[in-house]
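> 3D model of this:
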Amino acid sequence: MSKIGGLLRRAFGAAREHVGTDHFGNKYYFIPQQKSWTGRHIRAKRMVEPANPAEHEYMEGNIPMEWEAWIRGRRKKPPSVEELMGNESQREQIKLKAKEVEEKDLALQAKEYEEGLVAAPARTVAKGHASATAFGKKELSEEPTSTANKFQPGSWMPTSKK
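Residues are numbered from 1 along each chain as shown. The predicted structure is shown next:
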């Protein structure tokens, strides 16, 4: 029977085995190692059939990290539903704890500002962008200016040749 199955696989393409589906609707398949019709060995492959097949609609995070690790061969067995749910709840708990810590930190900062332990951040308004060559400088004038030890040459534009 295996010879007939192998012959059919070689004739009609790879037989892929459905391994699982994630909560986004992506389907994961395993294609076992096989021989081609010429007798060459084709290595085993792992693949995903996305729920959103349009490439421009793909967003980072559309594949759970457990499934991505399985596809890239970093883990031997595909993740179970229990493992996926447990990891997702753990990630949610971490997000909640991070939010609590951030709120405590903001409250502590506000208290320190009120008590005068920490200077409030200075709010400055800068015109232009820091990478501009004239950032922080006064606008250039056509006339040169001089004050004590500083000399600012005037701007000069070449005249057009007529």
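> How is this protein partitioned into domains?
Domains of the chain are assigned by the TED database as 7-76, 80-119.
> Averaged pLDDT, the last one. What do you get?
Yep, that's domain 80-119 we're talking about. The pLDDT scores in domain 80-119 average 91.
> Tell me which residues of it come out buried.
L84 (16 or more other CB atoms under 10 Å). For every residue, glycine as well, the C-beta is placed using N, CA and C.
> Pull the contacting residues for K77.
Going by CB atoms under 8 Å, 6 or more residues apart in numbering, K77 touches W70.
> a markdown table for the domains of the chain, including distance to P158?
Shown next, in a markdown table, are the domains of the chain (distance: least, CB to CB, whole Å):
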| stretch | distance to P158 |
| --- | --- |
| domain 7-76 | 49 |
| domain 80-119 | 49 |
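> Would you confirm that F30 contacts A44?
Yes - using CB atoms under 8 Å, F30 is in contact with A44, at 7.0 Å.
> more neighbours, these two?
Neighbours were counted for F30 and for A44 using other CB atoms under 10 Å; F30 has more, 16 against 11.
> Can you pull out the low-pLDDT segments for the chain?
1-14, 55-61, 122-148, 151-157, 162 (pLDDT under 70).
> Tell me where it has helices.
2-12, 65-71, 81-115 (DSSP state H).
> Which one of the domains of the chain lies nearest to S160?
domain 7-76 (48.5 Å; CB to CB).
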